[in-house]
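>>> Fold the following for me, if possible:
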Amino acid sequence: MDSQLSQYLPVLMLAAVAVAATAGMMILSMMLGKLGRRSKAKDTAYECGMIPVGNPTPRLSMRFYLVAMLFILFDIEVIFLYPWAVVYRRFLEHPAMANPILFSMVSFLGVLLVGYLYALKKRAFEWRN
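Here you go, the predicted model:
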């Protein structure tokens, strides 16, 4: 009869091999990496053969992030409509059970509409002021 600890032996061996392989690759990379000669031109970022000029990451307006978050929010909420529609179609056979499900989705869409109207009133969807 095998003990529970012996059943985990292959997992422990795999973890040990993974740690050893990772450590070996890092050590080998550090040893061989020092052998190569580095220059300033070799360390610069390569972009289409042009010399990089300016800040590589320009600052974006907060409006960009606000519109992105609103898009994700409304996109995820719309995704909830598909499983609800599948379940609601099954419950249409039993009208007593279908009405509470319909009311819950109408209230969900009402909250979504209120949030959308609030964002519209605050002009959150406009890219420029």
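
>>> contacts, neighbours, all on C-alpha from now
OK.

>>> Can you give the distance of the longest helix along the chain from its chain's centre?
Longest helix of the chain, by residue count under DSSP state H: helix 95-121. In terms of Cα atoms, centre = their mean, to the nearest Å, the gap separating the centre of helix 95-121 from the centre of its chain is 26 Å.

>>> Which positions within it qualify as buried?
For helix 95-121, the neighbour count (16 or more other Cα atoms under 10 Å) marks 98, 101-102, 105, 112, 116 as buried.

>>> Output the contacting helices and strands for it.
Here helix 95-121 touches helix 81-91, going by 3 or more Cα pairs under 8 Å, 6 or more residues apart in numbering; DSSP states H and E.

>>> moving C-terminal of the lowest-mean-pLDDT helix or strand in the chain, what's the next helix or strand?
Ranked by mean pLDDT, DSSP states H and E, the weakest helix or strand in the chain is helix 40-43, scoring a mean of 71. For helix 40-43, the following helix or strand on the C-terminal side (DSSP states H and E) is helix 62-79.

>>> That following helix to helix 95-121, inter-axis angle?
170 degrees (axes from the mean of the first three to the mean of the last three Cα atoms, to 10 degrees).

>>> what is the mean pLDDT for the longest helix of the chain?
Per-residue pLDDT over helix 95-121 has a mean of 88.

>>> repeat for stretch 19-35
Here the average pLDDT along stretch 19-35 is 88.

>>> from here on, count from 39
Fine by me, first position is 39 from now on; the one you just mentioned is stretch 57-73.

>>> Which positions within that stretch qualify as buried?
Under 16+ other Cα under 10 Å, stretch 57-73 has no buried positions.

>>> Can you lay out the buried residues of helix 133-159 as JSON lines showing distance to residue 111?
Below are those laid out as JSON lines (distance: Cα to Cα, whole Å):
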{"residue": "136", "distance to residue 111": "27"}
{"residue": "139", "distance to residue 111": "22"}
{"residue": "140", "distance to residue 111": "22"}
{"residue": "143", "distance to residue 111": "17"}
{"residue": "150", "distance to residue 111": "10"}
{"residue": "154", "distance to residue 111": "10"}
